[in-house]
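K.L.:
any chance you could fold what I've pasted below:
(4 chains)
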There are 2 protein chains.
Amino acid sequence: MQTVTNAPIARHFEAGMLSRAMAAQGRRSCGVGSVRVLEKDEELFAEGDPAVFFYRVTEGVIRTSKLLSDGRRQIDAFHFPGDVFGVEAGDEHRFSAEAATAATVIAYRRRDLDELHFDETFSREVLDAVMHALERAQRHMLLLGRKSAIEKIATFLVDMAERLDGDDAIELPMSRLDIADHLGLTIETVSRSLTELERKGIIHVPASRRTIVLRDKAALARLNG
Amino acid sequence: MQTVTNAPIARHFEAGMLSRAMAAQGRRSCGVGSVRVLEKDEELFAEGDPAVFFYRVTEGVIRTSKLLSDGRRQIDAFHFPGDVFGVEAGDEHRFSAEAATAATVIAYRRRDLDELHFDETFSREVLDAVMHALERAQRHMLLLGRKSAIEKIATFLVDMAERLDGDDAIELPMSRLDIADHLGLTIETVSRSLTELERKGIIHVPASRRTIVLRDKAALARLNG
DNA sequence: CGCCATCTTGAGCAACCTCAAGTTGAGTGG
DNA sequence: CCACTCAACTTGAGGTTGCTCAAGATGGCG
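P.N.:
Prediction:
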């Protein structure tokens, strides 16, 4: 139910059940293994919705988040192409999912996961996927609970550089607000931290503020805490 | 790899493989399904240790945590009797585990998990267990990233009341420092928040400071954010 | 070219932390 | 049974970080 990059589960679905199911049904809009195209900020599901499907990102970025009653938001993860999310133990989604950019996902009917249970390697692959998501969540708890604003931003940039494998320049696909709500900061603090890192010569932020040039990855890594 | 209270996996082990393995080996000190007794603050495993075993608590409380290089600590979870923790996707433990109180755990050899893979219901049970842990982690990220000190304490007390099923009084099994490192606060702020809740008449803290009497659960729930 | 969402910057403030004393309860030994 | 000790906790004063509120800058897009 979180990010899983090396997603064997997804491959499994593609090669097997999904393509067959899609061929049988002859449709691409909804149902088993259906493709769903989302525009920026479109909602895929909300917290509390029945968890009928889980998803794999094929294009763009999905954010999953939780809200407090007064609107404060925590984005628990960004999901990139290949990542699987929305797998639930219970019958409801525990967070909401929206498109952080224009995005495309494939929806897998959750029921089929149960039916495919006889497949030996399959459930182990799902388990691995969820465990990787848990690992990510545990690292993020350390960040949220114990890192300073600058350290949070540094960690975030290093993580994004890995996931986007941008060698030295990365194109952030999400807004400052999304970054803030992921790192437990305000957009002002995100902005100020980026400015501070630039002042120190560790990064460079060109006029189109979505691009970040990593000038000194070693310094960033040191700032990780 | 986190707290799972309704642990079918543990039952499975007890009824099946574990007892047979223990009978065959005739020992209780280490190895498959062995019992391990820990005194307070004793370390069960450290971050980076090879993940040979995973564990189930039978007595006491185990804390799992991560450290930053300068010693800052984040306790990601407390594990109570019945909870399973230490299940890893990779070959290393991603956090350390110590006894928050005197505790007893049962160690299960991880290899046996792989061997038992043919068991249809088994891997699904492990998956559910890990997914419940992930749910807990996601709720905790919202707390760490977006709640105030008072809200964190209120959420913590409500959660502890559920898990210890203390009707209106709970006996906290962990120190203020452990609470602080779980909630992303300092011990002083934990103490002041408890005092503040007492001043408002929402809780009462008797002389033995480990006991908390919940006077107004509705108010606590409202403070959850 | 002009609009507008997004981002940055500034000033003041609040929440929480740090550092430093007190307080207290539980355990210990006489 | 009582004094003593010590870890754990509380309380206080002051500092720092990050937030709030407000205003400006800017680039993308029509």
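K.L.:
domain parsing for chain A?
P.N.:
A:8-144, A:147-222 (automatic domain parsing).
K.L.:
and those domains, which is most packed in?
P.N.:
Among the domains of chain A, domain A:8-144 has the highest mean neighbour count (mean count of other Cβ atoms under 10 Å in any protein chain shown), at a mean of 19. Just so you know, the C-beta spots here come from the backbone N, C-alpha and C atoms, and that holds for glycine as well.
K.L.:
what about that one and chain B, any contact?
P.N.:
Yes - contact between domain A:8-144 and chain B is present through A:66, A:68-70, A:72-74, A:76, A:87-89, A:94-95, A:117-118, A:120, A:123-124, A:126-128, A:130-135, A:137-142, A:144 (criterion: Cβ under 8 Å from any Cβ of the partner chain).
K.L.:
how about the helices of chain A, start to end?
P.N.:
Using DSSP state H, the helices assigned to chain A run over residues A:8-13, A:19-25, A:110-115, A:120-146, A:149-163, A:176-183, A:187-199, A:217-222.
K.L.:
tabulate the ones you listed (CSV), appending mean pLDDT and distance to residue B:43.
P.N.:
Formatted as CSV, the entries for those read as follows, by pLDDT from 0 to 100; distance: least, Cβ to Cβ, whole Å:
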stretch, mean pLDDT, distance to residue B:43
helix A:8-13, 36, 34
helix A:19-25, 39, 49
helix A:110-115, 71, 38
helix A:120-146, 85, 18
helix A:149-163, 97, 26
helix A:176-183, 98, 31
helix A:187-199, 98, 35
helix A:217-222, 97, 27
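K.L.:
of all the ones you listed, which one is nearest residue B:56?
P.N.:
helix A:120-146 (17.1 Å; Cβ to Cβ).
K.L.:
near DNA strand C, which residues of chain A?
P.N.:
Applying Cβ under 7 Å from any atom of the strand, we find that chain A lies next to DNA strand C at A:175-177, A:187-188, A:190-192, A:194-195, A:205, A:209-210.
K.L.:
6 Å - rerun?
P.N.:
Proximity of chain A to DNA strand C is confined to A:175-177, A:187-188, A:191-192, A:194-195, A:205, A:209 under the rule Cβ under 6 Å from any atom of the strand.
K.L.:
which one of the residues you listed is nearest residue A:109?
P.N.:
For those, the closest approach to residue A:109 (Cβ to Cβ) belongs to residue A:175, at 31.9 Å.
K.L.:
list the contacts of residue A:104.
P.N.:
With contacts taken as Cβ atoms under 8 Å, 6 or more residues apart in numbering or on different chains, residue A:104 has the following neighbours: A:35-38, A:57-60.
K.L.:
let's go with 6 Å and repeat that
P.N.:
Residues near residue A:104 by Cβ atoms under 6 Å, 6 or more residues apart in numbering or on different chains: A:37, A:58-59.
K.L.:
beta partners of it?
P.N.:
residue A:37, residue A:59 (DSSP bridges).
K.L.:
distance of it relative to residue A:55?
P.N.:
Between residue A:104 and residue A:55 the distance is 10 Å, computed by Cβ to Cβ, to the nearest Å.
K.L.:
likewise residue A:35?
P.N.:
Separation of residue A:35 from residue A:55 (Cβ to Cβ): 11 Å.
K.L.:
which residues of chain A lie near DNA strand D?
P.N.:
Of all the residues in chain A, those lying near DNA strand D are A:148-149, A:185-186, A:188-189, A:207-208, going by Cβ under 6 Å from any atom of the strand.
K.L.:
what do you get if the cut-off is 7 Å, keeping everything else the same?
P.N.:
A:148-150, A:184-186, A:188-189, A:207-209.
K.L.:
of these, which is the nearest to residue A:216?
P.N.:
Relative to residue A:216, the closest of these is residue A:150; by Cβ to Cβ it sits at 13.7 Å.
K.L.:
residue contacts, the closest one?
P.N.:
The neighbourhood of residue A:150, defined by Cβ under 6 Å, 6+ apart, consists of residue A:193.
K.L.:
export the helices of chain A to a markdown table and append columns for distance to residue B:200.
P.N.:
Listed next are the helices of chain A as a markdown table, based on distance: least, Cβ to Cβ, whole Å:
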| stretch | distance to residue B:200 |
| --- | --- |
| helix A:8-13 | 49 |
| helix A:19-25 | 57 |
| helix A:110-115 | 44 |
| helix A:120-146 | 25 |
| helix A:149-163 | 31 |
| helix A:176-183 | 30 |
| helix A:187-199 | 30 |
| helix A:217-222 | 43 |
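K.L.:
could you dump stretch A:187-205 to CSV, C-alpha only?
P.N.:
Output in CSV follows, covering the C-alpha atoms of stretch A:187-205 (Å, rounded to 0.1, in the frame of the first residue of the first chain):
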residue,chain,number,x,y,z
ILE,A,187,5.8,25.9,2.1
GLU,A,188,7.7,28.9,3.4
THR,A,189,10.1,26.8,5.3
VAL,A,190,10.6,24.5,2.2
SER,A,191,11.4,27.6,0.1
ARG,A,192,13.7,29.1,2.7
SER,A,193,15.5,25.8,3.2
LEU,A,194,16.1,25.5,-0.6
THR,A,195,17.4,29.1,-0.7
GLU,A,196,19.7,28.3,2.2
LEU,A,197,21.1,25.2,0.5
GLU,A,198,21.6,27.3,-2.6
ARG,A,199,23.4,30.1,-0.6
LYS,A,200,25.7,27.4,0.7
GLY,A,201,26.5,26.3,-2.9
ILE,A,202,25.1,22.8,-2.2
ILE,A,203,22.3,23.0,-4.8
HIS,A,204,21.3,25.4,-7.6
VAL,A,205,17.7,26.3,-8.4
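K.L.:
close to chain B, is that stretch?
P.N.:
No - contact between stretch A:187-205 and chain B, assessed by Cβ under 6 Å from any Cβ of the partner chain, is absent, since the two come no nearer than 12.6 Å.
K.L.:
run through who's touching that stretch.
P.N.:
A:149-150, A:153, A:176-177, A:179-180, A:212-216, A:219.
K.L.:
for stretch A:153-165, same thing?
P.N.:
Taking Cβ under 6 Å, 6+ apart as the criterion, the residues outside stretch A:153-165 that touch it are A:80, A:143, A:170, A:183, A:193, A:220, A:223-224.
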